[in-house]
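S.K.: take a look and give me a structure for this.
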Amino acid sequence: MLKLGVNIDHVATLREARYKGVTGGAVPEPDPVWAAEIVELAGAHGITCHLREDRRHLQERDLRLLRQTCRTRIDLEMAPTPQMVRIALDVKPEVCCLVPENRQEVTTEGGLDVVGGFKHIAAVVKQLQAGGREVSLFIDPDPRQIQASAKTGAEFIELHTGTFCNATGAAAERELERLIRGAKLAHRLGLRVNAGHGINYQNIHRILLIPHLEELNIGHSIISRAIFAGLSQAVREMLTLMAGYRDRHGGSRGQR
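M.R.: As a prediction, the model looks like this:
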């Protein structure tokens, strides 16, 4: 079964747009922790969230409440910094996904440079694994990055699908082929493969052509759809579109 992790950061973004810095009186809404409960009840397999260093959306309090209430699993997206490692080892999400951060970006703009930062990233991977966490590296489908990721000892990579999702025509086809080749290489190297960024209800049928996927992490599209259809219905619609992946690819190893 291809699993769905729903990123709830965009619920927190909406809250912070109105209540950032507000103290006393009003109850900040919408609550991403409440959203996570709805997402789980609708059938999602996990909650994905990104505690950024600038705390622009999710707050540490949200993460700690999620740890208390989440019934599936938490995939914590995090920069490979000492502060975030300390938080992750304390909160104990099931998976830690290392991602790059740029204070000026609207959202994550590309994959982690594992090649350039290999020594540091490998050390962070070992720290998190020593604390009992599985580790994923959010990377572009570049063979050098995939090979370096395997050498860090991380269990997973998450292929950055944003470039494909933002492309059209021949450029989109070339990027999809890169993702397919990247997934095959990662599988041969013993890495488990997830994918995410920019996936929506229109392009997911093309994402499903990528082999060896275990999980898709999708946020903005589902939260946007929820405005019109409701969050529970938006999750169910995405799960329906994902159905049949296992039959198409003959199953996937290492299901959790």
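
S.K.: mind checking the pLDDT average for the lengthiest helix in the chain?
M.R.: Identified as the longest helix of the chain according to DSSP state H is helix 169-188. For helix 169-188, mean pLDDT is 98.

S.K.: which stretches of the stretch 151-256 of the chain have low pLDDT?
M.R.: Within the stretch 151-256 of the chain, the ranges that satisfy pLDDT under 70 run 251-256.

S.K.: and the helices in it, which stretches?
M.R.: In the stretch 151-256 of the chain, the helices defined using DSSP state H, counting those that start in this stretch lie at 162-166, 169-188, 204-207, 220-229, 231-242, 245-249.

S.K.: for R61, identify the helix or strand it belongs to.
M.R.: Per DSSP states H and E, R61 falls inside helix 60-69.

S.K.: now what about that helix, what contacts it?
M.R.: Defining contact as Cβ atoms under 8 Å, 6 or more residues apart in numbering, one finds that helix 60-69 is touched by 12, 32-33, 36-37, 47, 49, 51, 74, 76, 87, 91-93. C-betas here are computed from N, CA, C, even on glycine.

S.K.: likewise stretch 121-128?
M.R.: Contact with stretch 121-128 is made by 80, 85, 88-89, 96, 98, 112, 114, 135, 137, 151-154, as judged by Cβ under 8 Å, 6+ apart.

S.K.: give me that answer again for 6 Å
M.R.: 80, 85, 96, 114, 135, 152-154 (Cβ atoms under 6 Å, 6 or more residues apart in numbering).

S.K.: by neighbour count, which of the residues you listed wins?
M.R.: Using other Cβ atoms under 10 Å as the neighbour test, those are led by C96, with 32 neighbours.

S.K.: and it, what does it touch?
M.R.: Here C96 is in contact with 76, 78, 88, 128, 133, 135 (Cβ under 6 Å, 6+ apart).

S.K.: out of those, name the ones that lie in helices.
M.R.: Per DSSP H, the subset of the contacts of C96 in helices is 88, 128.
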